[in-house]
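A.B. asks: make a model of this:
(2 chains)
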Amino acid sequence: MSHQLPREPGDIEIARDATYYRAPATLRTSVETLVGAAAREEARPRMRRAAGLAAAFAAVAIVTWNVALFQAAPSREDMFAHEVLAAHVRSLMAPGRMNDVESTDQHTVKPWFAGKLDFTPPVRDLAADGFPLAGGRLDYVDGRTVAEMTYHRRLHAVGLFVWPEAAEGDAPLKQRTLNGFSMATWRQGGMRYWAVTDAAPTELTHFAELLEAR
Amino acid sequence: MGRHSEFVRNVMPHMDAAYNLARWLTRNDDDAEDVVQEAYVRAFRFFDSLKDEDSRPWLLAIVRNSAYTWLRKNRPSDVVPLDDTAPISEDTPTLGHVAPSDSNPEVVLLQSASRKLVNQALEDLPVGFREVLVMRELEDLSYKEIASVAGIPIGTVMSRLSRGREMLREALELRLKRAS
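C.D. replies: Residues are numbered from 1 along each chain as shown, chains lettered A, B, ... in the order given. Prediction:
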């Protein structure tokens, strides 16, 4: 580690004067172990993936947090996924019908839902995180009226469906791809969330994490 | 194992970049290792989403997401939205443009800047400024790549770089004055 001084007075260059941290050898080993385990798990039945991967994490003795594990989905969830995707695609196809209320202001979108629903959907603006709110609309999923908030992610649209779900506790994030769309679902605070987008799955993971973190 | 070997060939070589970004975001060795491990498992899962693009910014976007998730859980005060509308002062010199003068006490102080001081000053910057500086200066990413990784417009990348450099220079001056 050199502690040499800047050559020219006041000439400080981050590239030269700040540390570039290189990955320790132990990290390389543990990442190779984890990725190797994940690769082997892919060949196995879905139900066992979660357990196998968890074991791999434990094997290198690290702390995991919020690992969105793929698990075998019940058929009811598959049904919801298809219904939600159909509703989202319909809204994309109908000209000018993407949103019933178009606003980037959560304080406009939220009151719009009042009186139209028997629950209050959480409307949040995520513009600071790169997902500006675009508006809201109503749709019909699982025999009930649900709220869809739409967000933008650069040139992509992200639809967030919300409806109350009576069940104990929260349910972790699950992701899937359906007809080329990325989808994610979770339960938090008595609400079932479904997010759908034509952007990359990583974008949706990020989006879901932002909402879950609030 | 075709997918696995593709991943090893394409993504594994960028582990230094992944660790460097995670280390600058978490500011801690152990936490950076956890973030990189998490990010790599996630990257492997989402490997199919990597098309014909450069795998390094693609990986760094996943590392950044993992790091931000970690920060929100463990140090929520680190993750505050930035006000990108504040004007940049025209007459504040940016790093590297301080007028050279041996009689200037400020310059004398700057001359004693050590790597440790620069590291500390960079670590103390708000994460939104720190990350663009690290990606530009240490990772040599293009403005466009940084915009994609951080999910912000290119104009914002440029203004954050400029303000970040200015804030870093001011922080260094302050530290040097205190140290002397």
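A.B. asks: just how off-centre is stretch A:181-191 within its chain?
C.D. replies: 9 Å (C-alpha atoms, centre = their mean, to the nearest Å).
A.B. asks: and it, what's buried?
C.D. replies: Going by neighbour count (16 or more other C-beta atoms under 10 Å in any protein chain shown), the buried part of stretch A:181-191 is A:181-188, A:191. In short, each C-beta sits where N, CA and C put it, glycine included.
A.B. asks: ok, so of those, who is nearest chain B?
C.D. replies: residue A:182 (8.7 Å; C-beta to the nearest C-beta).
A.B. asks: can you list the domain ranges for chain A.
C.D. replies: Listed domain ranges for chain A are A:1-71, A:75-213 (source: automatic domain parsing).
A.B. asks: which stretch among those domains comes nearest residue B:115?
C.D. replies: Closest approach to residue B:115 among the domains of chain A is made by domain A:1-71 (5.8 Å; C-beta to C-beta).
A.B. asks: need the three-state assignment for the closest residue to residue A:24 other than its chain neighbours.
C.D. replies: Counting by C-beta to C-beta, 6 or more residues apart in numbering or on different chains, residue B:33 is the residue found nearest to residue A:24 once chain neighbours are left out, at 7.3 Å. What DSSP: H, G, I helix; E, B strand; the rest coil gives for residue B:33 is helix.
A.B. asks: next, count neighbours for residue B:33.
C.D. replies: Applying other C-beta atoms under 10 Å in any protein chain shown, we find 22 residues neighbouring residue B:33.
A.B. asks: then residue A:23?
C.D. replies: 20.
A.B. asks: how about JSON lines for the domains of chain A, with mean pLDDT added?
C.D. replies: Output for the domains of chain A, formatted as JSON lines (pLDDT from 0 to 100):
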{"stretch": "domain A:1-71", "mean pLDDT": "65"}
{"stretch": "domain A:75-213", "mean pLDDT": "86"}
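A.B. asks: of those domains, flag the one that's most buried.
C.D. replies: Ranked by mean neighbour count under mean count of other C-beta atoms under 10 Å in any protein chain shown, the domains of chain A are led by domain A:75-213, which reaches a mean of 17.
A.B. asks: and the contacts of stretch A:118-125?
C.D. replies: For stretch A:118-125, contacts defined as C-beta atoms under 8 Å, 6 or more residues apart in numbering or on different chains pick out A:104-106, A:109-110, A:113-114, A:132-133, A:136, A:145, A:147, A:149, A:162-164, A:189, A:191, A:211, A:214.
A.B. asks: taking those one by one, which sit in helices?
C.D. replies: A:106, A:109-110, A:113, A:211 (DSSP state H).
A.B. asks: the strands in chain A, which residues?
C.D. replies: Assigned by DSSP state E, chain A shows strands spanning A:101-102, A:133-141, A:144-153, A:156-164, A:171-178, A:181-188, A:191-197.
A.B. asks: returning to that earlier point: and the residue nearest to residue A:24, what pLDDT?
C.D. replies: For residue B:33, the model assigns a pLDDT of 93.
A.B. asks: and it, what is it in contact with?
C.D. replies: Per C-beta under 8 Å, 6+ apart, neighbours of residue B:33: A:24, A:26-27, A:30, A:62, B:19, B:22.
A.B. asks: please parse chain B into its domains.
C.D. replies: If you go by automatic domain parsing, chain B breaks into B:2-78, B:105-179.
A.B. asks: what about the residue positioned nearest the centre of chain B, distance to residue B:77?
C.D. replies: Nearest to the mean C-alpha position of chain B, by C-alpha atoms, centre = their mean, lies residue B:131 at 2.4 Å. Residue B:131 sits 16 Å away from residue B:77, going by C-beta to C-beta, to the nearest Å.
A.B. asks: next: residue B:147.
C.D. replies: 26 Å.
A.B. asks: got the phi/psi numbers for the residue lying closest to residue B:152 once chain neighbours are set aside?
C.D. replies: What sits nearest to residue B:152 in space, not counting adjacent residues and going by C-beta to C-beta, 6+ apart, is residue A:130, at 6.4 Å. The phi/psi pair for residue A:130 (degrees, to the nearest 10) reads phi 90, psi 10.
A.B. asks: what sits up against stretch B:14-23?
C.D. replies: Contact partners of stretch B:14-23, identified using C-beta under 8 Å, 6+ apart, comprise A:20-24, A:27-28, A:31, B:29, B:31-33, B:35-36, B:39-40, B:55-56, B:59-60, B:63-64, B:66-67, B:131, B:134-135, B:138-139.
A.B. asks: which members of those residues occur in helices, if any?
C.D. replies: Of those, the ones assigned to helices by DSSP H are A:27-28, A:31, B:29, B:31-33, B:35-36, B:39-40, B:55-56, B:59-60, B:63-64, B:66-67, B:131.
A.B. asks: now a ChimeraX select for only the buried ones of those residues.
C.D. replies: Buried residues among those (16+ other C-beta under 10 Å), as a ChimeraX selection:
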select /A:27,31 /B:31,32,33,35,36,39,40,55,56,59,60,63,64,66,67,131
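A.B. asks: worst-scoring helix or strand of chain B, pLDDT-wise?
C.D. replies: The helix or strand of chain B with the lowest confidence, counting by mean pLDDT, DSSP states H and E, is helix B:105-111 at a mean of 52.
A.B. asks: average pLDDT across the helix or strand following it?
C.D. replies: Following helix B:105-111 in sequence order, the next helix or strand is helix B:115-124 (DSSP states H and E). Per-residue pLDDT over helix B:115-124 has a mean of 89.
A.B. asks: now swap in stretch B:79-94 and tell me
C.D. replies: 58.
A.B. asks: distance of residue A:196 from residue A:186?
C.D. replies: 13 Å.
A.B. asks: which non-adjacent residue is nearest residue A:201?
C.D. replies: Per C-beta to C-beta, 6+ apart, closest to residue A:201 is residue A:182, 4.3 Å.
A.B. asks: was I right to think the one you found contacts residue A:196?
C.D. replies: Yes: under the criterion of C-beta atoms under 8 Å, residue A:182 makes contact with residue A:196 at 7.1 Å.
A.B. asks: quick check: neighbours shared by the two?
C.D. replies: The overlap between the contact sets of residue A:182 and residue A:196 (C-beta under 8 Å, 6+ apart) consists of residue A:204.
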